[in-house]
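>>> for reference, the sequence and a predicted model appear below.
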Amino acid sequence: MPAPTTVYRDATLIDGTGSDPVTAAAVVVTGGTIAYAGPAQDAPPAPEGARVVDLGGRTLLPGFFDTHVHFNYADTSRLTSNNLDVHPSLHAFETAERMRRTLHAGVTSARDLGGIDAGYREARDRGLIAGPRLRVAVRLMSHTGGHADFTLPTGVNLHECGNTTGEIVDSVHEARVGARRLMRDGADVIKLCATGGVSSPSDTPDDEGLTVEEIAAVVEETARHGGRPVAAHAQGAAGIRNAVRGGVTSIEHGYLVDDEGIDLMLERGTFLVPTLATFDFADREHLMSRKAVATKRALAERTFERVSEAVRRGVRVALGTDAGISPHGANLAELRHLVAVGMSPMAAIRAGTAHAAELLGVADRLGTVRAGMTADLVVCDGDPLADVGVLADPANIVLVVQDGRAVKDALPAA
Ligand SMILES: [Zn+2]
């Protein structure tokens, strides 16, 4: 039996390549693949029995990516109490529910940068749970007392439960072994900490994390295993420079990047994932430690200045929210922040589609709506080029197609 065909007609197509939108477009999906995308008048005749879905002029875009999430972290309880008070099975179901909500927000691919094991990726691929297709880091790597080390002065480690523990390394040799251990445990991406952070108990964003030599050892080790991307948690200027010099693929957060750091990123083509949604924390302060609230407040203004400068100078940006720290299932609210730091709505959309696919090394099959690509599609109400904020509200995401299958269908009945 031939694969079923669906024709989406009367769409306004934003294909993710940066081309102008095409009105009165048709997108033809056969099985899990896009067979045609473009002006309806040029579409091949639909095969007999094809299903036709009229989109009534709504905007059709590529399925979005969130390149920085933590499905493991509840966004409704204190970060430091995660997983200590629930049965592991309940925790797994809660995690799956966050994945489903994220998918329904228009995110068909996501990268979990620490906290969930590779079983979630497998469960999604086997159709046991609904969610974005996943890339996982499994655990965060840092040195003792760094951003992945949640040991308190009492000796208690609040993350020493289930699979949320950090990967602690303190030398070039240990960094290499750590990378090997993570890959053994199913990591598709290595997440290392090049600076301290906001939520960790004993360091600050300006503290440096792994050294250039340690970072370079991780990058070299992953290169020997299929060249998996290396994502660096990096907030202060010195640590950002270390990470870029060490050869990482992306700077996560990048809040205080200096001019030299921007020069280096441009030179090496390093991506920036600014996670600006985490600055919408006014209604979440009760979930954060006093240290975290104070640190975040102190960072806000300078972050928007420095990230704007990186955008102005042309650093490549991919969309990531740090969901878990920011709310799950409202991922595309990040688009508004990307516009606020100087990107056009179209550039922000590309940061969440084509450019994110490039960061993950999957741009040959995902991130754009073109013939031959995997059929991950999002249809929204409203005009996202006039107001990118329409994508932020999951209620406006009326159709989500993943691998050619409608995984959310809230289109009004024809
Ligand atoms: Zn994070």
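Here it is on my side, so go on. Numbers count the residues shown, from 1 in each chain.
>>> neighbours of His286, how many?
For His286, the count of nearby residues is 7 (other Cβ atoms under 10 Å). Every C-beta, even on glycine, is put in place using the N, C-alpha and C of the backbone.
>>> under a three-state scheme, what state does it occupy?
Assigned with DSSP: H, G, I helix; E, B strand; the rest coil, His286 falls in the helix class.
>>> for Ala243, same thing?
Under three-state DSSP, Ala243 falls in the helix class.
>>> ok, it - contacts?
The neighbourhood of Ala243, defined by Cβ atoms under 8 Å, 6 or more residues apart in numbering, consists of Leu192, Ala194, Ile215, Ala232, Ala234, Ile251.
>>> nearest residue to Gly342 other than its sequence neighbours?
Closest residue to Gly342 apart from its sequence neighbours, by Cβ to Cβ, 6 or more residues apart in numbering: Val311 at 4.6 Å.
>>> could you say which helix or strand holds the most centrally placed residue in the chain?
Among the residues of the chain, the one closest to the centroid is Thr67, at 1.7 Å (Cα atoms, centre = their mean). Assigned by DSSP states H and E, Thr67 belongs to strand 64-69.
>>> now the angle from the helix or strand following that strand to strand 64-69?
Sequence-wise, the next helix or strand downstream of strand 64-69 (DSSP H and E) is helix 88-104. Inter-element angle recorded for helix 88-104 and strand 64-69: 140 degrees (by axes from the mean of the first three to the mean of the last three Cα atoms, to 10 degrees).
>>> what segments of the protein are helices?
88-104, 119-125, 172-184, 212-223, 237-246, 259-268, 290-312, 334-340, 345-351, 354-360 (DSSP state H).
>>> to Leu276, which of the ones you listed lies closest?
helix 334-340 (3.6 Å; Cβ to Cβ).
>>> how about the closest one: buried residues?
Judged by neighbour count using 16 or more other Cβ atoms under 10 Å, the buried positions of helix 334-340 are Glu334, Leu335, Arg336, His337, Leu338, Val339.
>>> where does this structure dip in pLDDT?
Residues of the chain that meet the criterion pLDDT under 70 lie in 77-84, 158-164, 414.
>>> now the farthest one out in it, which residue is it?
Relative to the centre of the chain, and counting by Cα atoms, centre = their mean, the farthest-placed residue is Glu48 at 38.9 Å.
>>> if I look at that one, how far off is Val27?
In this view, Glu48 and Val27 are 19 Å apart by Cβ to Cβ, to the nearest Å.
>>> so who does Val307 touch?
Counted by Cβ under 8 Å, 6+ apart, Val307 has contacts Gly254, Tyr255, Val257, Leu272, Pro274, Leu276, Val341.
>>> what is the burial count for Glu309?
16.
>>> with adjacent residues omitted, what lies nearest to it?
Ile262 (6.7 Å).
>>> tell me, how many residues neighbour the one you found?
Neighbours of Ile262 under the rule other Cβ under 10 Å: 23.
>>> ok, it to Val311 distance?
To Val311, Ile262 is 10 Å away according to Cβ to Cβ.
>>> residue contacts, Leu335?
For Leu335, the contact set (Cβ under 8 Å, 6+ apart) comprises Leu319, Pro345, Ala348, Ile349, Ala351, Gly352, Pro384, Val388, Gly389, Leu391, Ala392.
>>> domains in the protein, by residue range?
With automatic domain parsing as the criterion, the domains of the chain are listed as 5-63+368-409, 64-360.
>>> quick one: end-to-end distance for the shortest one.
In other words, domain 5-63+368-409. With Cα to Cα, to the nearest Å as the measure, domain 5-63+368-409 spans 17 Å from end to end.
>>> how far out from the middle of the chain is it?
Taking Cα atoms, centre = their mean, to the nearest Å, one finds the center of domain 5-63+368-409 at 22 Å from the center of the full chain.
>>> do the same with the last one
The chain centre lies 8 Å from the centre of domain 64-360; the measure is Cα atoms, centre = their mean.
>>> which one of the domains of the chain has the most crowded surroundings?
Of the domains of the chain, the one with the most neighbours on average (mean count of other Cβ atoms under 10 Å) is domain 64-360, at a mean of 21.
>>> hmm, back to that, nearest to Arg9 among the contacts of Leu335?
Distance to Arg9, by Cβ to Cβ, is smallest for Pro384 among those, at 19.6 Å.
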